[in-house]
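**Student:** generate a structure from the sequence data that follows.
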Amino acid sequence: MANVKATITLDSTTDPITDNALSISNMAELRTAGTTTGITETTGLARVKTSSGSNTILLDFGLTSGVAADVTADKSAKVYIKNCNDRGDGTKYVDILIKTREIGRLYGKDWMFFPWSGGSGEDVEYTASDTTETTLEYCVFYE
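**Tutor:** Numbering: from 1, shown residues only. This next block holds a predicted model:
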């Protein structure tokens with residue numbers, strides 16, 4: 001899997017801060033740690049459904065196989081997570097946590113993409129805002 005790229009484009013016809021149009025676009029090639037070699041591994045795109053308002057482990061570093069055994073603190077990894085729910089009233093969201101510390105909140109259709117430094121206790125967890133069914137989509141790209 002050579003030349004995996006992540007691209008983000010933010011575009012607004014009117015920026016509410018400056019009253020001007022705003023357009024930002026950036027691209028990054030996903031590479032192994034400290035090299036120009038492209039990332040070669042992925043978990044593949046997966047979905048998980050939950051009906052729990054409790055912390056739930058999404059990516060578990062307590063395991064000895066799979067991604068848990070392959071991604072360590074000295075390797076490159078990137079995580080994509082999306083809240084697939086479409087309830088946009090602000091009452092249905094999912095908190096994303098690392099080591100039980102919240103790193104972001106995903107409302108309906110929100111997504112995040114972040115670098116992940118694996119290691120002992122660096123689980124990626126989520127907590128849904130209520131007990132109605134929530135679907136998360138996720139994928140890890142790693143070396």
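**Student:** let me see the ranges of the helices in this protein.
**Tutor:** 67-70 (DSSP state H).
**Student:** contacts only, for Asp19.
**Tutor:** If you count contacts by Cβ atoms under 8 Å, 6 or more residues apart in numbering, Asp19 has none. C-betas here are computed from N, CA, C, even on glycine.
**Student:** and the strands in the chain?
**Tutor:** 5-12, 22-29, 41-42, 46-50, 56-59, 77-83, 93-98, 101-107, 111-115, 124-128, 134-142 (DSSP state E).
**Student:** what strands flank the longest one, and is each parallel or antiparallel?
**Tutor:** Which is strand 134-142. Take DSSP bridges as the rule and strand 134-142 pairs in its sheet with strand 41-42 (antiparallel), strand 46-50 (antiparallel), strand 77-83 (antiparallel).
**Student:** coming back round to it: would CSV of the strands of the chain with mean pLDDT and mean neighbour count be doable?
**Tutor:** Converted to CSV, the strands of the chain look like this (pLDDT from 0 to 100; neighbours: other Cβ atoms under 10 Å):
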stretch, mean pLDDT, mean neighbour count
strand 5-12, 85, 10
strand 22-29, 88, 10
strand 41-42, 84, 16
strand 46-50, 90, 12
strand 56-59, 86, 18
strand 77-83, 93, 21
strand 93-98, 93, 20
strand 101-107, 94, 14
strand 111-115, 94, 13
strand 124-128, 91, 21
strand 134-142, 91, 20
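**Student:** for Thr35, find the nearest of the ones you listed.
**Tutor:** Proximity to Thr35 (Cβ to Cβ) singles out strand 22-29 among these, at 11.1 Å.
**Student:** just checking, what packs against the closest one?
**Tutor:** strand 5-12 (3 or more Cβ pairs under 8 Å, 6 or more residues apart in numbering; DSSP states H and E).
**Student:** so what strands line up beside the strand it packs on?
**Tutor:** Sheet pairing for strand 5-12, using DSSP bridges, gives strand 22-29 (antiparallel).
**Student:** and for the partner strand, what's in contact with it?
**Tutor:** Residues outside strand 22-29 that contact it (Cβ under 8 Å, 6+ apart): 3-12, 15, 38.
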